[in-house]
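> My questions concern the predicted model and sequence given below.
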Amino acid sequence: MLLQTTTGKRNESSMHRAWLRSQPRLSSLLAVSLLALAVAPAPAGAGGYAIVTSSEIRSLSQNLVPFAASKTARGYTTHVFDEADWNGAGLVGDAAAEALRAFLQSAHALFDFDYVLLVGDPRTATGPVPMKTLHPRTFGYLSTTPNGWSADCDSFVMTQDPVPSDYYYGDVDGNWDLDGDGLYGEFGDYDAPIGPTGDFGPGGVDRDHDFAVGRIPVYTSNPTELAEGVIDLDHILAKTMGYQGAPFGSIDWRFSALIAAEGANRIFFGEALRNDVLLPANFSSAVRVYDADVCLVLNPPSGCVPISGTPEATTCSVSNVATQWDSTSPGAVTWLTHGGGVGAAAVMNTTQATQLDDGHPVITFQASCFNSLPSQTNNLSYALLKNGAVGTIGATAISHGPGGPNPPITHPSSEGGNAGMAYSFMQFLGQQGMTVGDSLAEVKRETNLYGRCWYWHNMAGFNLYGDPEVSLLDSAPEAPAAVPVLSPAAHTLLIGALAALGSLVALRRTGSRRGLLLKRAGLRRTTDQYDS
């Protein structure tokens, strides 16, 4: 069965794997037994997974069919669609986006999707699966934050810049042009009494997604670009299948992280994430690359936050990030810095991305501007997806930080900034064991916009490149050993042994009850022998 949750429907096996990861390490026997139960396929038809692409890409790809089969094997009812399914042939730009969303609305009503993977050219002027052009910053919109501060959308010399986005496709039951002005996804109420109107309100933007969306870009401007894009697509699909099919005993490396912060004024992000999210989630490490030298002195400047110990690198640079990335094989990578289409300042660029370890692909949240810029055909997020990552989240346009020196990252006034989004995303991904698509969708639904149109701009701008159904917990079930038929006496003995094993597990979790648990298990060894 599927469990109904606030993020839509999630596979029961994912919930079980999340629970398993949250527990202290169990004996290998018990862990394998629990995992074999946890990853059993869901009943047929329990959840829908859609792959939406072009007929051209569909015919050229060698791995699209095996990838779809792998989703079916994971318990999903899998569908592959192309523009012939929604009469989208020849459509480009906004017409293509509207036709695609209308089709997804109808198909979702029939097939109840949990995840949709778009495969195709993301540029908003292309077809048949472009990103949608949204206008989240409603220039001149009058707004006030909960604490009474003016948050009018003409602050900071803002303009109504368009934002390419796949967010539009994940919420298919609302009219994102509720005020009828031809600008989709505008911040604010559709019936604002004075000034410009937005698209929020009954029947409009409600931030309540219907399914999680991801995209694998394939650029199609010319035959050479298309051919190269399909080769990269097949590599990404194969890598994703390998990631999800890895033996359970081989995935421990994923529960480690790398955090980069350019400038001492951004260290607050890394320290909060490391100390309050990653280490409490039992990540084995959270390697830090900071510009920290100015703060690691006897009397640091007032802008410095306390730093736990000494970061692994005290100068934030592309070379230092690459060194730590290669030497530690993190499962999750995040950063806070300035950015552009081909790089994140002092952290990563498209040239360095080609040299990363693709055998241990990471999941990223890139709190920078423009890292996923669709018009840059080798943008940083896509470059990482091709080599070094299995899922990348970056901004397709400018992104906005929380503002202020060392802002409280979990406060409602800060959580809608790019740093706050990265923090929340890692909570859902690392602490709750959600998939990358569900994690991002949940951030967009739950984050407090605090009356700020530029936070809504962030929700539209941060998008996922990669399979939305991937999680750190993905693995293949271990092949079960042949189970012998037991005599009644042997069965009784086995039940007793399993009870003792359960007591030992409880022993390691609750030190204050060691003696009682040992006595209950009928064991005579000393406590220390079970704490090593």
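Looks like it arrived, so ask away.
> Could you find the closest non-adjacent residue to the residue nearest the centre of the chain?
What sits nearest the mean C-alpha location of the chain, by Cα atoms, centre = their mean, is V436, with 2.9 Å. Counting by Cβ to Cβ, 6 or more residues apart in numbering, G391 is the residue found nearest to V436 once chain neighbours are left out, at 4.4 Å. Placement of C-beta: from N, CA and C, glycine included.
> circling back to that earlier point, okay, the residue nearest to the centre of the chain and F81: tell me how far apart.
Relative to F81, V436 is positioned 22 Å away (Cβ to Cβ, to the nearest Å).
> one step back: quick one: contacts for the residue nearest to the centre of the chain?
Contact partners of V436, counting by Cβ atoms under 8 Å, 6 or more residues apart in numbering, are G214, I363, G391, I393, L429, L464, G466, D467, P468, V470, S471.
> which of these lies closest to R274?
For the contacts of V436, the minimum distance to R274 (Cβ to Cβ) is 14.7 Å, reached by L429.
> Secondary structure class of the nearest residue to the closest one once chain neighbours are set aside, three-state.
Spatial nearest neighbour of L429, excluding adjacent residues (Cβ to Cβ, 6+ apart): S439 at 4.5 Å. Each residue gets one of three states, and S439 gets helix by DSSP: H, G, I helix; E, B strand; the rest coil.
> is it true that S439 touches G433?
No: in this structure S439 lies outside contact range of G433 using Cβ atoms under 8 Å: 9.5 Å.
> And the contacts of whatever helix or strand Q366 lives in?
Under the criterion of DSSP states H and E, Q366 resides in strand 362-367. Contact with strand 362-367 is made by 258, 269, 325, 330-337, 339, 344, 372, 380-381, 384, 388-395, 399, 401, 418-419, 421-422, 425-426, 429, 436, 470, 472, as judged by Cβ under 8 Å, 6+ apart.
> Which one of S439 and G433 is surrounded by more residues?
S439 (28 against 23; other Cβ atoms under 10 Å).
> ok, now which ones touch the more buried one?
Residues in contact with S439 (Cβ under 8 Å, 6+ apart) are F425, F428, L429, Q432.
> that older thread, just the C-alpha atoms of the helix or strand following the strand holding Q366, please, in PDB.
Using DSSP H and E, the helix or strand that follows strand 362-367 in sequence is helix 380-386. Coordinates of each C-alpha in helix 380-386 appear next as PDB, following Å, rounded to 0.1, in the frame of the first residue of the first chain:
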ATOM      1  CA  LEU A 380      26.900  23.900 -13.800                       C
ATOM      2  CA  SER A 381      24.000  21.800 -12.500                       C
ATOM      3  CA  TYR A 382      23.800  19.900 -15.800                       C
ATOM      4  CA  ALA A 383      27.600  19.400 -15.900                       C
ATOM      5  CA  LEU A 384      27.500  17.900 -12.400                       C
ATOM      6  CA  LEU A 385      24.600  15.600 -13.400                       C
ATOM      7  CA  LYS A 386      26.700  14.400 -16.300                       C
END
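> I'd like the numbering to begin with 17 instead of 1 from here.
Will do, 17 is the new start, and the previous item becomes helix 396-402.
> ends of stretch 438-451, how far apart?
Taking Cα to Cα, to the nearest Å, stretch 438-451 runs 15 Å from one end to the other.
> should've said stretch 441-456
This stretch, stretch 441-456, spans 6 Å end to end (Cα to Cα).
> go on, stretch 451-469?
Rule used - Cα to Cα; the end-to-end distance of stretch 451-469 is 27 Å.
> Please tell me how far A273 sits from F83.
Distance of A273 to F83, computed by Cβ to Cβ: 27 Å.
> Of the two, which one has the most company?
More neighbours surround A273 than the other of A273 and F83, with 28 against 23 (other Cβ under 10 Å).
> per-residue confidence at the more buried one?
pLDDT recorded at A273 is 99.
> What separation is there between it and P327?
Using Cβ to Cβ, we find A273 at a distance of 13 Å from P327.
> do G359 as well
Using Cβ to Cβ, we find G359 at a distance of 22 Å from P327.
> okay, those two: which has more neighbours?
Set G359 next to P327 and count neighbours by other Cβ under 10 Å: P327 wins out with 27 against 23.
> about what we covered before: restricted to helices, list the contacts of strand 378-383.
Judged by DSSP state H, the contacts of strand 378-383 include F285, W341, L396, S397, L400, N434, A435, M437, A438, F441, M442, V452 as members of helices.
> Would you check which pair of those lies furthest apart?
Going by Cβ to Cβ, the pair spanning the ones in helices among the contacts of strand 378-383 furthest: W341 and M437, at 21.8 Å.
> More neighbours: those two, which one.
Neighbours were counted for W341 and for M437 using other Cβ under 10 Å; M437 has more, 26 against 23.
> Can you verify my assumption that that one contacts I425?
No: proximity of M437 to I425 does not meet the contact threshold set by Cβ under 8 Å, at 10.0 Å.
> Please identify every residue contacting each of those two.
Contacts common to M437 and I425, judged by Cβ under 8 Å, 6+ apart, are E431.
> how much space between D490 and I67?
Applying Cβ to Cβ to D490 and I67 gives a distance of 18 Å.
> Please apply the same query to P180.
21 Å.
> again with F97
According to Cβ to Cβ, F97 and I67 sit 7 Å apart.
> Specify which residue of these two has the higher count of neighbours.
More crowded of F97 and I67, by other Cβ under 10 Å: I67, with 23 against 20.
> residues in contact with that one?
By Cβ under 8 Å, 6+ apart, I67 lies in contact with L80, F83, A84, T94, H95, V96, F97, L133, V135.
> now it, which residues is it bridged with?
I67 forms beta bridges with V96, L133, as assigned by DSSP bridges.
> Return the distance of it relative to V246.
I67 is 14 Å from V246, where distance means Cβ to Cβ.
> same thing with I210?
Counting by Cβ to Cβ, the gap from I210 to V246 is 52 Å.
> thinking again about what came up before, now for the residue nearest to V452, how many residues are close by?
31.
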